[in-house]
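> the following block contains a protein sequence and its predicted model.
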Amino acid sequence: MSTENEGNEGNAAEAAPSVPPVPADAPQAHPEDAPPAASHPDETATRQQPVAQAPDQQPAPVPSAPDPGTAQTAAYPTNPQYAPPPPPQSAADAGWPPPPPAVPAYAQGAHGSGGGPVWGPPGGTHTPEAPRKRGAGGLVAAVVVAALVAGGIGGALGYWAADRNDDAGSTTVSASANPQDLKRDPGTVAGVAAKALPSVVTIEAQGGDGEGGTGTGFVYDKEGHILTNNHVVASAADSGQLTATFSNGKKYDAEVVGRAQGYDVAVIKLKNPPQSLAPLPLGNSDKVAVGDSTIAIGAPFGLSNTVTTGIISAKNRPVASGDGNGGSNSYMSALQTDASINPGNSGGPLLSSGGAVIGINSAIQSTGSSGQSQAGSIGLGFAIPINQATTVAQQLIKTGQPVYPVIGATVTMDEQSGGAVIAERGTGGTEAVTKDGPAAKAGLRAGDVITKFNDTVVDSGPTLIGEIWTHKPGDRVTLTYERDGKTATAEVTLGERKGDS
């Protein structure tokens, strides 16, 4: 586990040109097939198709009356072509009485040549019938025929209009330029980002020895306090220069108010803060659930104002992270997210879908790095829960130094021990269990293996420390431990330690 070390001066990543996206092929237009025409005995005399004759063939005799039980079925071409109507016929040629108004006959030619619909009067001689009573079947047939004719005319008019438009020029319709049409809803990622970005800053830290880096922070209050990670500003904490640049490009000098190495939290303050500062709203990290949507804002590899999204993929993840320079480790019971987090995102806000800060992006799991290159996101990012970070920030603003809850015992950092083992000796040869400290008062001894902290399983020393630091001095907790193969519990009231040591 490593923090996303921000020191990337001299190692600026060369941005590769983006490849423009290739639009998908436009769908090919296919004319729709014409709908089939219903046949009915009453229509035989008026909708029969003309029959082409061979040169030597005599015309077929016209029956005196159509067979009421016979209907003519027309074949329908797959892709109908619309031809102009034939020349008008004289009354003598067409017969008397005059034919009904012309309607398209959706049929192929007499010899199956697929000549398309004929626009004109139907051929053949019409023999009038004596009026007869029409039943319901005739009414239905008439309705169907009307629908087909309307469809045919509509299709023809549509084709004609499209052809006219093609000749007249482009038919592209532009989107409205009304700003209201481009307004994003507050609950969308775009809406949340638009509201949060003006309150997020890119921090540049430059130490007196030339070391430094780029990180992120966000506005904590209207007085100009900015919340970020300790490892972002550590190089410029004693002697150096800090600047904070807002999304509108305005840059302000800043100074360190206080920092906590163990929590990896720091507070800086703008020297001449603007009057328009808008602090980001703080959420409740205790109420976060696995699967909740997340939005991360930062400056990965120096690319300011970058927004990425993901979910909470785990909670209470024990994380021990270093600053990459051999400095003191920090410990957290972290929120894990798959939102893309890279070097430069450190100190930036992890937001809920509603735009409230639920964590401070601090560390990433990577597959390792070599030389001067920095590892990037593999979808495992870790954020300090905002409830814990807020408590630390208030301490730093008030006193300039952090306060840590402790149990008064030194544990090993071996992560393969199956618990947090109380060491035989403390730092510098001191007692592992502080005399009259919380652990000593609860009866704990060197060699005890702590396996649970309240209801949380403890598998290593870093896990125990991370859990302890989610509480405050004076909180009463229950420790489950093993000694000589037996399990026991102890009630411990947490003590305190001021400052980093």
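Okay, I see it.

> the longest strand belonging to the chain pairs with which strands?
Longest strand in the chain by number of residues (criterion: DSSP state E): strand 306-321. If you go by DSSP bridges, strand 306-321 pairs up with strand 293-298 (antiparallel), strand 330-337 (antiparallel).

> switch those strands over to a markdown table; also include mean neighbour count and distance to residue 271.
In short, each C-beta sits where N, CA and C put it, glycine included. Shown next, in a markdown table, are these (neighbours: other Cβ atoms under 10 Å; distance: least, Cβ to Cβ, whole Å):
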| stretch | mean neighbour count | distance to residue 271 |
| --- | --- | --- |
| strand 293-298 | 25 | 23 |
| strand 330-337 | 26 | 27 |
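
> dump the ones you listed to TSV, plus mean pLDDT and distance to residue 313.
Shown next, in TSV, are those (pLDDT from 0 to 100; distance: least, Cβ to Cβ, whole Å):
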stretch	mean pLDDT	distance to residue 313
strand 293-298	97	9
strand 330-337	94	5
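
> tabulate those strands in CSV, adding columns for distance to residue 273.
What follows is the strands paired with strand 306-321, written out as CSV (distance: least, Cβ to Cβ, whole Å):
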stretch, distance to residue 273
strand 293-298, 20
strand 330-337, 28
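
> these: which one's closest to residue 285?
Set against residue 285 and scored by Cβ to Cβ, the strands paired with strand 306-321 come closest in strand 330-337, at 6.5 Å.

> following that closest one, which helix or strand comes up?
Using DSSP states H and E, the next helix or strand after strand 330-337 towards the C-terminus is strand 349-352.

> against which helices or strands is that next one packed?
Under the contact criterion of 3 or more Cβ pairs under 8 Å, 6 or more residues apart in numbering; DSSP states H and E, strand 349-352 touches helix 189-196, strand 293-298, strand 357-364.

> repeat that for 10 Å
With contacts defined as 3 or more Cβ pairs under 10 Å, 6 or more residues apart in numbering; DSSP states H and E, strand 349-352 has these neighbours: helix 189-196, strand 212-219, strand 293-298, strand 306-321, strand 357-364, strand 381-385, helix 386-399.

> buried ones in stretch 192-204?
The neighbour-count check on stretch 192-204 (16 or more other Cβ atoms under 10 Å) flags 192, 193, 195, 196, 198, 199, 200, 201, 202, 203, 204 as buried.

> hmm, back to that, so which of the helices and strands packed on strand 349-352 comes closest to residue 258?
Closest to residue 258 of those, according to Cβ to Cβ: helix 386-399, at 3.1 Å.

> list the buried residues for the closest one?
With burial defined by 16+ other Cβ under 10 Å, the residues of helix 386-399 counted as buried are 386, 387, 388, 389, 390, 391, 392, 393, 395, 396, 397.

> where does this structure dip in pLDDT?
Residue ranges of the chain with pLDDT under 70: 1-182, 323-328, 368-374, 501.

> go with 80
For the chain, the stretches flagged by pLDDT under 80 are 1-186, 208-210, 322-328, 366-376, 414-417, 427-428, 501.

> can you give me the helices in it?
In the chain, the helices defined using DSSP state H lie at 44-47, 91-94, 136-168, 189-196, 230-233, 386-399, 438-441, 461-468.

> run a quick neighbour tally on residue 310.
Neighbour count of residue 310, defined by other Cβ atoms under 10 Å: 20.

> typo on my end, residue 258
So residue 258, with other Cβ under 10 Å, has 21 neighbours.

> among the helices and strands packed on strand 349-352, which comes closest to residue 422?
Across those, closest to residue 422 is strand 306-321 (Cβ to Cβ), at 17.8 Å.

> residues of that closest one that come out buried?
Going by neighbour count (16+ other Cβ under 10 Å), the buried part of strand 306-321 is 306-310, 312-313, 315, 317-321.

> of those residues, closest to residue 438?
The closest of those to residue 438 turns out to be residue 318 (Cβ to Cβ; 20.8 Å).

> one step back: what would the helices and strands packed on strand 349-352 look like in a markdown table with distance to residue 268?
Converted to a markdown table, those look like this (distance: least, Cβ to Cβ, whole Å):
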| stretch | distance to residue 268 |
| --- | --- |
| helix 189-196 | 19 |
| strand 212-219 | 7 |
| strand 293-298 | 16 |
| strand 306-321 | 20 |
| strand 357-364 | 13 |
| strand 381-385 | 16 |
| helix 386-399 | 10 |
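
> nearest approach to residue 467 belongs to which of these?
strand 306-321 (7.6 Å).

> that closest one vs helix 189-196, what angle?
For strand 306-321 against helix 189-196, the angle between stretch directions is 80 degrees (axes from the mean of the first three to the mean of the last three Cα atoms, to 10 degrees).

> contacting residues for the residue nearest to residue 260 when sequence neighbours are not counted?
Among residues not flanking residue 260 along the chain, residue 402 sits closest, at 3.4 Å (Cβ to Cβ, 6 or more residues apart in numbering). By Cβ atoms under 10 Å, 6 or more residues apart in numbering, the contact list for residue 402 reads 230, 258-263, 265-266, 391-393, 395-396, 469, 497-500.

> what's the answer for residue 243, then?
201-206, 236, 251-254, 270-271.

> just residue 431 next, same as before
Residue 431 sits next to 408, 409, 410, 423, 424, 425, 437, 440, 446 when contact means Cβ under 10 Å, 6+ apart.

> ok, of the residues you listed, which come out buried?
Listed as buried from these are 408, 409, 410, 423, 437, 440; burial here means 16+ other Cβ under 10 Å.

> surely the last one meets residue 433?
Same thing as residue 440. Yes - the pair residue 440 and residue 433 qualifies as a contact (Cβ atoms under 10 Å) at a distance of 5.1 Å.

> quickly list what's touching both of those two.
What both residue 440 and residue 433 touch, as defined by Cβ under 10 Å, 6+ apart, is the set 407, 408, 409.

> let me have the residues you listed in a markdown table, adding distance to residue 479 as columns.
Listed next are the shared contacts of residue 440 and residue 433 as a markdown table, based on distance: Cβ to Cβ, whole Å:
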| residue | distance to residue 479 |
| --- | --- |
| 407 | 7 |
| 408 | 12 |
| 409 | 10 |
